[in-house]
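K.L.:
3D, please:
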Amino acid sequence: MTDSERTRVAVVTGAGGGVGGRLVRTLAEDGWRVLAVVRKDADVHELDAIDGVQAHLVDLLDAEGIERWTAWVNEHEPDGIELLANVAAVASVGPVETATADVWDTVLRTNVVAPALLTRGLLPAIRRTRGSIVFVNSGAGERAIPNHVVYASSKHALRALANTIRLEEAGNGVRVGTVYPGQIDTSMLRGIDETLGVEFHGEDYIRPQTVADAIVWIADAPDDVHITNVDLRPRQEVSSSFNV
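P.N.:
All right, here's what the predicted structure looks like:
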(Lines give C-alpha, C1' and ligand atoms only; values in the text may rest on other atoms or scores of the structure.)
Protein backbone atom coordinates (compact mmCIF):
# COMPACT_ATOMS: atom_id res chain seq x y z
CA MET A 1 0.00 0.00 0.00
CA THR A 2 1.37 3.41 -0.95
CA ASP A 3 1.29 6.44 1.35
CA SER A 4 -1.44 7.98 -0.80
CA GLU A 5 -3.63 4.87 -0.37
CA ARG A 6 -3.13 4.52 3.38
CA THR A 7 -5.83 5.71 5.78
CA ARG A 8 -4.32 8.39 7.97
CA VAL A 9 -4.42 7.85 11.73
CA ALA A 10 -4.88 10.50 14.41
CA VAL A 11 -4.80 10.51 18.19
CA VAL A 12 -7.01 13.18 19.77
CA THR A 13 -7.13 13.88 23.50
CA GLY A 14 -10.00 15.72 25.13
CA ALA A 15 -12.28 13.99 22.63
CA GLY A 16 -15.27 14.29 24.92
CA GLY A 17 -15.06 18.09 25.01
CA GLY A 18 -16.20 20.81 22.66
CA VAL A 19 -13.09 21.26 20.51
CA GLY A 20 -11.88 17.66 20.79
CA GLY A 21 -15.30 16.28 19.97
CA ARG A 22 -15.62 18.44 16.87
CA LEU A 23 -12.08 17.51 15.80
CA VAL A 24 -12.78 13.79 16.09
CA ARG A 25 -15.91 14.10 13.97
CA THR A 26 -14.26 16.30 11.37
CA LEU A 27 -11.30 13.95 10.95
CA ALA A 28 -13.60 10.93 10.68
CA GLU A 29 -15.71 12.69 8.06
CA ASP A 30 -12.50 13.43 6.14
CA GLY A 31 -11.58 9.76 6.07
CA TRP A 32 -9.13 9.60 8.96
CA ARG A 33 -9.11 6.77 11.47
CA VAL A 34 -9.20 8.33 14.93
CA LEU A 35 -8.10 7.07 18.34
CA ALA A 36 -10.15 9.29 20.64
CA VAL A 37 -8.91 9.72 24.22
CA VAL A 38 -11.70 10.37 26.73
CA ARG A 39 -12.23 10.23 30.47
CA LYS A 40 -15.89 9.12 30.76
CA ASP A 41 -17.67 5.92 29.79
CA ALA A 42 -20.50 7.91 28.20
CA ASP A 43 -18.02 9.50 25.79
CA VAL A 44 -16.71 6.06 24.82
CA HIS A 45 -20.17 4.85 23.85
CA GLU A 46 -20.97 8.05 21.92
CA LEU A 47 -17.73 8.20 19.95
CA ASP A 48 -17.49 4.47 19.26
CA ALA A 49 -20.73 4.83 17.31
CA ILE A 50 -18.94 7.02 14.73
CA ASP A 51 -17.43 5.23 11.74
CA GLY A 52 -13.66 5.36 11.85
CA VAL A 53 -13.46 6.27 15.55
CA GLN A 54 -12.17 4.11 18.38
CA ALA A 55 -12.55 5.65 21.83
CA HIS A 56 -10.15 4.90 24.68
CA LEU A 57 -10.50 5.65 28.38
CA VAL A 58 -7.17 7.08 29.49
CA ASP A 59 -6.58 8.80 32.84
CA LEU A 60 -4.29 11.71 32.01
CA LEU A 61 -3.27 11.95 35.67
CA ASP A 62 -1.88 8.40 35.57
CA ALA A 63 1.65 8.50 34.15
CA GLU A 64 2.01 4.72 34.12
CA GLY A 65 -1.36 4.37 32.42
CA ILE A 66 -0.29 6.81 29.71
CA GLU A 67 2.92 4.83 29.19
CA ARG A 68 0.97 1.57 28.84
CA TRP A 69 -1.50 3.10 26.41
CA THR A 70 1.14 4.68 24.17
CA ALA A 71 2.97 1.35 24.08
CA TRP A 72 -0.30 -0.26 22.96
CA VAL A 73 -0.67 2.34 20.19
CA ASN A 74 2.87 1.74 18.95
CA GLU A 75 2.22 -2.01 18.88
CA HIS A 76 -1.14 -1.78 17.11
CA GLU A 77 -0.23 1.01 14.68
CA PRO A 78 3.00 -0.33 13.16
CA ASP A 79 2.70 2.02 10.18
CA GLY A 80 2.61 5.03 12.49
CA ILE A 81 0.24 7.91 13.14
CA GLU A 82 0.01 11.14 11.19
CA LEU A 83 -1.43 13.41 13.89
CA LEU A 84 -1.30 13.78 17.64
CA ALA A 85 -3.68 16.53 18.77
CA ASN A 86 -3.20 17.45 22.42
CA VAL A 87 -6.54 19.10 23.15
CA ALA A 88 -7.44 18.02 26.69
CA ALA A 89 -7.19 20.65 29.40
CA VAL A 90 -8.60 21.65 32.75
CA ALA A 91 -8.84 25.11 34.31
CA SER A 92 -8.67 26.53 37.80
CA VAL A 93 -10.00 29.93 38.81
CA GLY A 94 -8.62 32.27 41.44
CA PRO A 95 -5.52 34.20 42.55
CA VAL A 96 -2.30 32.59 43.73
CA GLU A 97 -3.26 32.90 47.40
CA THR A 98 -6.16 30.46 46.92
CA ALA A 99 -4.32 27.94 44.73
CA THR A 100 -3.59 24.82 46.74
CA ALA A 101 -0.92 22.23 46.03
CA ASP A 102 -3.59 19.81 44.83
CA VAL A 103 -4.89 22.36 42.31
CA TRP A 104 -1.41 23.07 40.99
CA ASP A 105 -0.73 19.33 40.74
CA THR A 106 -3.95 18.50 38.87
CA VAL A 107 -3.75 21.36 36.38
CA LEU A 108 -0.07 21.02 35.59
CA ARG A 109 -0.26 17.24 35.25
CA THR A 110 -3.26 17.46 32.94
CA ASN A 111 -2.22 20.46 30.86
CA VAL A 112 1.54 19.95 30.66
CA VAL A 113 2.80 16.60 31.93
CA ALA A 114 0.19 14.48 30.14
CA PRO A 115 0.82 16.07 26.71
CA ALA A 116 4.55 15.67 27.29
CA LEU A 117 4.20 11.99 28.19
CA LEU A 118 1.81 11.28 25.33
CA THR A 119 4.18 12.98 22.90
CA ARG A 120 7.17 11.08 24.24
CA GLY A 121 5.37 7.76 24.05
CA LEU A 122 3.98 8.31 20.55
CA LEU A 123 7.09 9.83 18.97
CA PRO A 124 8.17 6.55 17.35
CA ALA A 125 4.79 6.30 15.59
CA ILE A 126 4.80 9.97 14.59
CA ARG A 127 8.35 9.81 13.26
CA ARG A 128 7.45 6.86 11.03
CA THR A 129 5.02 9.04 9.07
CA ARG A 130 6.86 12.36 9.51
CA GLY A 131 3.60 13.43 11.08
CA SER A 132 2.35 16.42 13.02
CA ILE A 133 1.87 17.22 16.69
CA VAL A 134 -0.61 19.99 17.45
CA PHE A 135 -1.07 21.53 20.86
CA VAL A 136 -4.17 23.51 21.75
CA ASN A 137 -2.98 26.32 23.97
CA SER A 138 -4.82 29.54 24.89
CA GLY A 139 -4.48 33.29 24.91
CA ALA A 140 -3.54 32.60 28.54
CA GLY A 141 -0.37 31.01 27.23
CA GLU A 142 0.72 34.32 25.71
CA ARG A 143 -0.02 36.81 28.48
CA ALA A 144 -0.72 37.05 32.19
CA ILE A 145 -4.39 37.04 33.26
CA PRO A 146 -5.57 37.89 36.81
CA ASN A 147 -7.48 35.11 38.58
CA HIS A 148 -6.05 32.49 36.22
CA VAL A 149 -2.62 32.05 37.75
CA VAL A 150 -2.57 28.23 37.67
CA TYR A 151 -4.15 27.87 34.24
CA ALA A 152 -1.99 30.61 32.67
CA SER A 153 1.13 29.10 34.20
CA SER A 154 0.27 25.71 32.73
CA LYS A 155 -0.32 27.20 29.30
CA HIS A 156 2.95 29.16 29.39
CA ALA A 157 4.69 25.88 30.20
CA LEU A 158 2.86 24.16 27.33
CA ARG A 159 4.11 26.86 24.98
CA ALA A 160 7.71 26.13 26.02
CA LEU A 161 7.10 22.41 25.65
CA ALA A 162 5.79 22.74 22.10
CA ASN A 163 8.50 25.16 20.97
CA THR A 164 11.25 22.93 22.35
CA ILE A 165 9.85 19.73 20.83
CA ARG A 166 9.66 21.55 17.48
CA LEU A 167 13.41 22.21 17.61
CA GLU A 168 14.26 18.73 18.86
CA GLU A 169 12.19 16.91 16.23
CA ALA A 170 12.90 19.07 13.19
CA GLY A 171 15.62 16.67 12.08
CA ASN A 172 13.13 13.80 12.16
CA GLY A 173 10.68 15.58 9.88
CA VAL A 174 8.06 15.95 12.62
CA ARG A 175 6.02 19.16 12.45
CA VAL A 176 4.89 20.79 15.70
CA GLY A 177 2.21 23.46 15.75
CA THR A 178 0.24 25.28 18.41
CA VAL A 179 -3.17 26.90 18.21
CA TYR A 180 -3.80 29.81 20.59
CA PRO A 181 -7.55 30.40 20.71
CA GLY A 182 -9.23 33.26 22.49
CA GLN A 183 -12.64 32.75 24.07
CA ILE A 184 -14.35 29.58 22.82
CA ASP A 185 -18.01 28.72 23.25
CA THR A 186 -17.44 25.72 25.53
CA SER A 187 -18.80 24.43 28.81
CA MET A 188 -15.38 24.98 30.40
CA LEU A 189 -15.41 28.72 29.70
CA ARG A 190 -19.05 28.95 30.75
CA GLY A 191 -18.13 27.44 34.11
CA ILE A 192 -15.18 29.79 34.52
CA ASP A 193 -17.27 32.86 33.74
CA GLU A 194 -20.00 31.76 36.13
CA THR A 195 -17.46 31.19 38.91
CA LEU A 196 -16.11 34.72 38.48
CA GLY A 197 -19.54 36.29 38.08
CA VAL A 198 -18.94 37.30 34.47
CA GLU A 199 -21.76 37.11 31.93
CA PHE A 200 -21.20 34.37 29.34
CA HIS A 201 -21.67 35.43 25.71
CA GLY A 202 -21.21 32.17 23.85
CA GLU A 203 -22.77 33.51 20.65
CA ASP A 204 -19.91 36.03 20.41
CA TYR A 205 -17.13 33.55 21.05
CA ILE A 206 -15.17 31.26 18.71
CA ARG A 207 -17.04 28.11 17.74
CA PRO A 208 -15.36 24.82 18.69
CA GLN A 209 -15.65 23.75 15.06
CA THR A 210 -13.48 26.70 14.01
CA VAL A 211 -10.68 25.57 16.31
CA ALA A 212 -11.03 22.01 15.07
CA ASP A 213 -10.79 23.24 11.47
CA ALA A 214 -7.57 25.11 12.31
CA ILE A 215 -6.03 21.91 13.65
CA VAL A 216 -7.00 20.00 10.50
CA TRP A 217 -5.56 22.82 8.38
CA ILE A 218 -2.22 22.44 10.17
CA ALA A 219 -2.22 18.65 9.77
CA ASP A 220 -3.18 18.90 6.08
CA ALA A 221 -0.49 21.46 5.22
CA PRO A 222 1.67 20.50 2.23
CA ASP A 223 5.17 19.15 2.75
CA ASP A 224 6.86 22.44 1.90
CA VAL A 225 5.57 24.31 4.96
CA HIS A 226 5.71 24.04 8.74
CA ILE A 227 2.87 25.92 10.44
CA THR A 228 4.09 26.70 13.92
CA ASN A 229 1.83 29.13 15.82
CA VAL A 230 -1.74 30.15 14.99
CA ASP A 231 -3.65 32.82 16.94
CA LEU A 232 -7.45 32.66 16.86
CA ARG A 233 -9.50 35.49 18.31
CA PRO A 234 -13.23 36.30 18.31
CA ARG A 235 -14.08 38.54 15.39
CA GLN A 236 -15.22 41.34 17.69
CA GLU A 237 -14.09 42.40 21.15
CA VAL A 238 -15.99 40.43 23.76
CA SER A 239 -16.08 40.40 27.53
CA SER A 240 -15.32 37.30 29.53
CA SER A 241 -13.31 36.22 32.55
CA PHE A 242 -10.20 36.19 30.34
CA ASN A 243 -10.14 39.95 29.83
CA VAL A 244 -11.29 41.29 33.18
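
K.L.:
what sits against the residue nearest the centre of the chain?
P.N.:
In the chain, the residue lying closest to the centroid (C-alpha atoms, centre = their mean) is Val87, at 1.5 Å. If you count contacts by C-beta atoms under 8 Å, 6 or more residues apart in numbering, Val87 has them with 12-15, 17, 19-20, 23, 136, 215. Where you see a C-beta, it was placed from the backbone N, CA and C, and this is true even at glycine.

K.L.:
10 Å instead?
P.N.:
With contacts defined as C-beta atoms under 10 Å, 6 or more residues apart in numbering, Val87 is in contact with 12-15, 17-24, 37, 115, 134-136, 179, 211-212, 215.

K.L.:
what's the answer for Ala71, then?
P.N.:
Taking C-beta under 10 Å, 6+ apart as the contact definition, Ala71 lies against 121-122, 124.

K.L.:
what does Glu29 give?
P.N.:
Contacts of Glu29 were listed using C-beta under 10 Å, 6+ apart, and they are 50-52.

K.L.:
select only the buried ones of the residues you listed in PyMOL?
P.N.:
The following PyMOL selection, which keeps only the buried ones among the contacts of Glu29, applies the criterion 16 or more other C-beta atoms under 10 Å:
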select buried, resi 52
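
K.L.:
name the helices or strands packed onto the longest helix belonging to the chain?
P.N.:
When the chain is parsed with DSSP state H, its longest helix is helix 149-169. With contacts defined as 3 or more C-beta pairs under 10 Å, 6 or more residues apart in numbering; DSSP states H and E, the secondary structure elements packing on helix 149-169 are strand 83-86, helix 101-108, helix 114-129, strand 132-136, strand 175-181, strand 229-232.

K.L.:
repeat the analysis, applying 7 Å as the threshold.
P.N.:
helix 101-108, helix 114-129, strand 132-136, strand 175-181 (3 or more C-beta pairs under 7 Å, 6 or more residues apart in numbering; DSSP states H and E).

K.L.:
tell me which of those lies nearest to Arg6.
P.N.:
Proximity to Arg6 (C-beta to C-beta) singles out helix 114-129 among these, at 8.8 Å.

K.L.:
just give the nearest non-adjacent residue to Asp51, would you?
P.N.:
Leaving aside its sequence neighbours, Asp51 sits nearest to Ala28 (C-beta to C-beta, 6 or more residues apart in numbering; 6.4 Å).

K.L.:
next: Pro124.
P.N.:
With C-beta to C-beta, 6+ apart, the residue lying closest to Pro124 is Asn74, at 5.6 Å.

K.L.:
rebuild the helices and strands packed on helix 149-169 as a markdown table, extending it with mean neighbour count and distance to Gln236.
P.N.:
Putting those into a markdown table (neighbours: other C-beta atoms under 10 Å; distance: least, C-beta to C-beta, whole Å) gives the following:
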| stretch | mean neighbour count | distance to Gln236 |
| --- | --- | --- |
| helix 101-108 | 15 | 30 |
| helix 114-129 | 20 | 31 |
| strand 132-136 | 26 | 22 |
| strand 175-181 | 23 | 15 |
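
K.L.:
want to throw the ones you listed into TSV with mean pLDDT?
P.N.:
As requested, these are exported to TSV (pLDDT from 0 to 100):
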stretch	mean pLDDT
helix 101-108	97
helix 114-129	98
strand 132-136	98
strand 175-181	97
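
K.L.:
what element comes up after the helix-or-strand element of the chain with minimal mean pLDDT heading to the C-terminus?
P.N.:
Ranking every helix and strand in the chain by mean pLDDT, DSSP states H and E puts helix 187-195 at the bottom, with a mean of 69. Proceeding N to C from helix 187-195, the next assigned helix or strand is helix 208-219, under DSSP states H and E.

K.L.:
can you give me the buried ones in that following helix?
P.N.:
Within helix 208-219, the residues that qualify as buried by neighbour count (16+ other C-beta under 10 Å) are 208-212, 214-216, 218-219.
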